[in-house]
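Novice: Quick one: sequence and predicted model below, then my questions.
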Amino acid sequence: MAQRLALQRLLSLPARGPLASHGRAFGTSAGRRSTFNVQDGSDFQDRVVNSPKPVVVDFHAQWCGPCKILGPRLEKLVAKLEGKVLMAKVDIDDHTDLAIEYEVSAVPTVLAMKNGDVVDKFVGIKDEDQLEAFLKKLIGA
């Protein structure tokens with residue numbers, strides 16, 4: 001119960017930083033362009049399956065507390081890699097077909113994809129060190 005209250009307080013804090021006054025708007029830096037929201041199945045095919053770069057796919061939901069922690073953490077680390085890897089965000093409530101196709105049974109679920117194939121996967125929240133290791137393995141660093 002105490003953890004839930006602490007998490008609710010954390011999630012209700014006002015945004016801080018350079019993009020805070022812009023709401024959910026994305027900047028135009030290279031780091032921000034490496035993360036995108038999947039629009040539909042054909043967008044997923046074009047930008048993820050057919051991508052020449054490795055792609056981390058974050059299956060999440062708006063109602064998922066751990067997703068709200070993991071998503072920004074993962075975005076930050078992907079941005080640090082300056083275009084070596086892309087990040088696709090898939091809302092399972094909007095794209096149930098993709099969640100079923102990739103056997104997502106819980107959120108957050110993160111897939112690592114290379115050349116259209118799933119090469120690694122994890123379910124649940126991870127700390128930054130674990131995420132860095134996951135990304136380094138994906139890009140072969």
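Specialist: Nice, thanks for sending it over.

Novice: And residue 99, how far from residue 125?
Specialist: Taking Cβ to Cβ, to the nearest Å as the measure, residue 99 falls 18 Å from residue 125. For glycine as for every other residue, the C-beta is placed from the backbone atoms N, C-alpha and C.

Novice: between the two, which one's more packed in?
Specialist: Neighbours around residue 99 and residue 125, counted as other Cβ atoms under 10 Å, are more numerous at residue 99. The numbers are 19 against 15.

Novice: Chain neighbours aside, what residue packs nearest to that one?
Specialist: The shortest distance from residue 99 to any residue other than its chain neighbours is 4.2 Å, reached at residue 92 (Cβ to Cβ, 6 or more residues apart in numbering).

Novice: quick one: the one you found and residue 105 touch, right?
Specialist: No - in this structure, residue 92 sits apart from residue 105 without contact. The criterion is Cβ atoms under 8 Å, and the distance is 10.2 Å.

Novice: Same drill for these two, tell me which one is more crowded.
Specialist: Legend: neighbour count by other Cβ under 10 Å for residue 92 and residue 105, higher for residue 92 (22 against 8).

Novice: quick one on the thing from earlier: could you report the separation of the residue nearest to residue 99 from residue 130?
Specialist: Here residue 92 is placed at a distance of 22 Å from residue 130 (Cβ to Cβ).

Novice: and if you look at residue 60?
Specialist: Taking Cβ to Cβ as the measure, residue 60 falls 17 Å from residue 130.

Novice: Neighbour count for the two, which is higher?
Specialist: residue 60 (23 against 11).

Novice: Could you pull up the mean pLDDT of the stretch of helix or strand residue 75 belongs to?
Specialist: Residue 75 belongs to helix 65-80 when assigned by DSSP states H and E. In this model, helix 65-80 has a mean pLDDT of 96.
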